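Novice: sequence first, predicted coordinates after that:
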Amino acid sequence: MRKFIKIASVCCVLLAISSCSSTKQLTINTIEPSPVDFSNQIRKIGIVNNSQSSFVKSYSTRLEQLIVMEERWLAEKGTEAALTGLFDELAQDKRFDTVRMLSNPDKEIVDFGTRPNDMMWKAISSLCEENGVDAIFALASHDTDTQFTLKKTKIEQLDMLRDRSSVSGQEITLETLVENGWRIYDPKQRKLIDEFTSNDQIVATAKGVSSVDALQAIDHRKETLLKQSKSIGSSYAQRMQPQKMEIQREYFTIGSKKFALADDKIQDGAYDEAIALWKEEVSNTKPRLSGRACYNLAVVNEYKGNIIEAMNWATKSYDVYKQDETLDYINALEGRQAQKDVVTQQLAEINFID
């Protein structure tokens, strides 16, 4: 019995030790640059629908006919909603003096393509000159695909006496996939600036006595699909701007009393006091603790926006206590510094307001 109690006690101690992490996370707010690199000469934007409707679907039942009719409607109205969402968002971008919705180009030109030939670039240039714009935002494709499933169910109905009764019915589930392809053409540089495809899924479910009744019982499906299509266009325009993001960094909390005290200061938001405590540990004779103190100083400087200072402390950490994770962190900081320069330029161009 004593042996059992002793083993159980040891297990409890080990469990307590293993559950006590040596690190905590610090959330750092950052701004990531837009993946789309614009020339500052592009001030006037033309938006055109280059998508070609290839909607041909057969049906064999009344239910399938109704679904196909809705898809055909969405193919037209959803395209318009996506273009409107793009237009509304770009119109608010301070980099652009003009944003215009252009009429369809030459009917023979369905798609400018991903690698426009000389003829296509001439067509793009002519379109820009005719409409007084510098670049073309094209909706290259817009496709919808709806799949449905049916299953038997029970529904409540009012009979002739206004009493509720349970009857056999059908439950329908519609899964609609909306795909949009976007491209940006710069005719002066003859460059495809961006190509992006988005996929969004909308699921709707309803019940009815029959499958057709169940379909017709779905509320606001068309409105939801149009709202989503407009949001898709708006989201693509937002891709042109730097985005606020959060990243997580770990810092060390265990090693000495000063590490624990510094952690308390971090939790209280007293970052300068935590920095002072970690700086005292930089001269610790134990390489592991000295290296961790330097690492923590790198993290807190990154948190404060001092990327160069963070890189210096991370390098000192690796010099003192060589860890592969520290090398990874140094590389990440170098990437952030390069991005910071790009973000600074982009924010200056669009007069970004925090």
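Specialist: Yep, that arrived.
Novice: on the three-state scheme, residue 95 is what?
Specialist: Using DSSP: H, G, I helix; E, B strand; the rest coil as the criterion, the local structure at residue 95 reads coil.
Novice: from what I can see it touches residue 39, true?
Specialist: No: distance between residue 95 and residue 39: 10.5 Å, which falls outside the contact criterion (C-beta atoms under 8 Å). Every residue, glycine included, has its C-beta placed from N, CA and C.
Novice: looking at the two, which one has more neighbours?
Specialist: residue 95 (16 against 13; other C-beta atoms under 10 Å).
Novice: what distance do you get for that one to residue 347?
Specialist: Here residue 95 is placed at a distance of 11 Å from residue 347 (C-beta to C-beta, to the nearest Å).
Novice: list the buried residues of stretch 310-322.
Specialist: The neighbour-count check on stretch 310-322 (16 or more other C-beta atoms under 10 Å) flags 310-318, 320-321 as buried.
Novice: CSV for the residues you listed, including pLDDT, distance to residue 241 and secondary structure?
Specialist: As requested, the buried residues of stretch 310-322 are arranged in CSV below (pLDDT from 0 to 100; distance: C-beta to C-beta, whole Å; DSSP: H, G, I helix; E, B strand; the rest coil):
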residue, pLDDT, distance to residue 241, secondary structure
310, 96, 25, helix
311, 96, 27, helix
312, 96, 31, helix
313, 96, 31, helix
314, 96, 30, helix
315, 96, 33, helix
316, 96, 36, helix
317, 95, 35, helix
318, 94, 35, helix
320, 93, 41, helix
321, 91, 40, coil
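Novice: turn the residues you listed into CSV, including distance to residue 275.
Specialist: As requested, the buried residues of stretch 310-322 are arranged in CSV below (distance: C-beta to C-beta, whole Å):
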residue, distance to residue 275
310, 12
311, 16
312, 14
313, 10
314, 15
315, 17
316, 14
317, 15
318, 19
320, 17
321, 19
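Novice: ok but residue 99 is inside a helix, no?
Specialist: No: if the criterion is three-state DSSP, then residue 99 is strand and not within a helix.
Novice: so it sits right up against residue 47, yeah?
Specialist: Yes: applying C-beta under 8 Å, one finds residue 99 in contact with residue 47, separated by 7.0 Å.
Novice: anything in contact with each of the two?
Specialist: The contact sets of residue 99 and residue 47 overlap at 87, 90 (C-beta atoms under 8 Å, 6 or more residues apart in numbering).
Novice: can you report how many residues neighbour residue 341?
Specialist: Other residues near residue 341 number 11, with proximity taken as other C-beta under 10 Å.
Novice: what packs against the helix or strand hosting it?
Specialist: Using DSSP states H and E, residue 341 sits within helix 324-350. With contacts defined as 3 or more C-beta pairs under 8 Å, 6 or more residues apart in numbering; DSSP states H and E, helix 324-350 has these neighbours: strand 23-32, helix 287-303, helix 307-320.
Novice: deepest of these, which one?
Specialist: Here the criterion is mean neighbour count by mean count of other C-beta atoms under 10 Å, and of the helices and strands packed on helix 324-350 the winner is helix 287-303, at a mean of 23.
Novice: which of the residues in stretch 265-275 are buried?
Specialist: Residues of stretch 265-275 classed as buried: 265-266, 271, 274-275 (neighbour count, 16+ other C-beta under 10 Å).
Novice: contact partners for the closest residue to residue 208 other than its chain neighbours?
Specialist: In space, and not counting its chain neighbours, residue 208 is closest to residue 214: 3.5 Å by C-beta to C-beta, 6 or more residues apart in numbering. For residue 214, the contacting residues are 150, 169-172, 206-208, by C-beta under 8 Å, 6+ apart.
Novice: residue 181 is nearest to which of the helices and strands packed on helix 324-350?
Specialist: Shortest distance between residue 181 and those, using C-beta to C-beta, is found for strand 23-32: 23.0 Å.
Novice: closest one to residue 185 out of the buried residues of stretch 310-322, please.
Specialist: Using C-beta to C-beta as the measure, the one of the buried residues of stretch 310-322 that approaches residue 185 most closely is residue 311, at 38.4 Å.
Novice: how close does the closest residue in space to the closest one that isn't next to it in sequence sit to residue 302?
Specialist: Closest residue to residue 311 in three dimensions, ignoring its sequence neighbours and counting by C-beta to C-beta, 6+ apart: residue 333, at 4.8 Å. Computed as C-beta to C-beta, the residue 333 to residue 302 distance reads 7 Å.
Novice: look up phi and psi at residue 200.
Specialist: phi -130, psi 140 (degrees, to the nearest 10).
Novice: nice, that's everything, thank you.
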